[in-house]
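Participant: build me a model from this:
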Amino acid sequence: MISSVDQYLTDGCGRCSHFQKPSCTVHLWKEELIFLRSLVNSTELKEELKWSQPCYTINGKNVIIIASFRDYCCISFLKGVLLKDDLELLSKPGENSQTSRMLKFKKTDDSMKLLEQPEVILNYIHQAIEIEKSGIKIPEIVK
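Facilitator: Okay, here's the model as predicted:
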C-alpha cells in the first residue's frame, strides 16, 4: 500500500500488477500529473491520498481527484456537474456518471494544449472550491 502522493508519483497507485514498473500508467503520465498537482497545490485545498489516488479536500470534503489511465490522465471534479463550462471542456467519466466531470488529457488530440493554459484549469479548480465552500448540494433533478 502506498502512503503518500509522492510515493504515488514514484511507484504508482499499487492497485495492479504494474506497481513500481515502467508500464504503470502513473509513469506514462508522470509529467502531466506533477503539473496538475502543482496547480491544485497552489490553492487552499489539502492534498491527501484516497483510493490510492491524489485527492484534494476542503473542510474534510472531497473536491478533486487526479488520476491516470492507459489512454489519458485527468483531473476530476466531484461536483463537476455544477461547474460553469463555457469552453465545453468537461466530460463525464462514464456514460452513467451523474455528478462528476473531468478534464481529460490525451496525447492523441488537442487536449494536451490545455496544459499550456494553466489559468483555464485553475478557473475550474477555483469554481470547484467555491462550490464546496458554499455548501451547495447537487439537486436530485441534476442527478
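Participant: span of stretch 35-48 from start to end?
Facilitator: 17 Å (CA to CA, to the nearest Å).
Participant: check stretch 16-25 too.
Facilitator: 10 Å.
Participant: now do the helices in the chain.
Facilitator: Remark: helices assigned in the chain by DSSP state H are 5-11, 25-28, 30-41, 118-134.
Participant: looking at this structure, which strand is longest?
Facilitator: Assignment by DSSP state E gives strand 61-68 as the longest strand of the chain.
Participant: what comes up buried for it?
Facilitator: Neighbour-count burial for strand 61-68, counted by 16 or more other CB atoms under 10 Å, picks out Asn62, Val63, Ile64, Ile65, Ile66, Ala67, Ser68. For glycine as for every other residue, the C-beta is placed from the backbone atoms N, C-alpha and C.
Participant: how about stretch 45-65?
Facilitator: 45, 47, 49, 52-58, 62-65.
Participant: what mean pLDDT does that stretch get?
Facilitator: The average pLDDT within stretch 45-65 is 96.
Participant: now it, how far from the chain's geometric center?
Facilitator: What separates the centre of stretch 45-65 from the centre of its chain is 10 Å, taken as CA atoms, centre = their mean, to the nearest Å.
Participant: what about Leu9, how many neighbours?
Facilitator: Burial of Leu9 is recorded as 16 neighbouring residues (other CB atoms under 10 Å).
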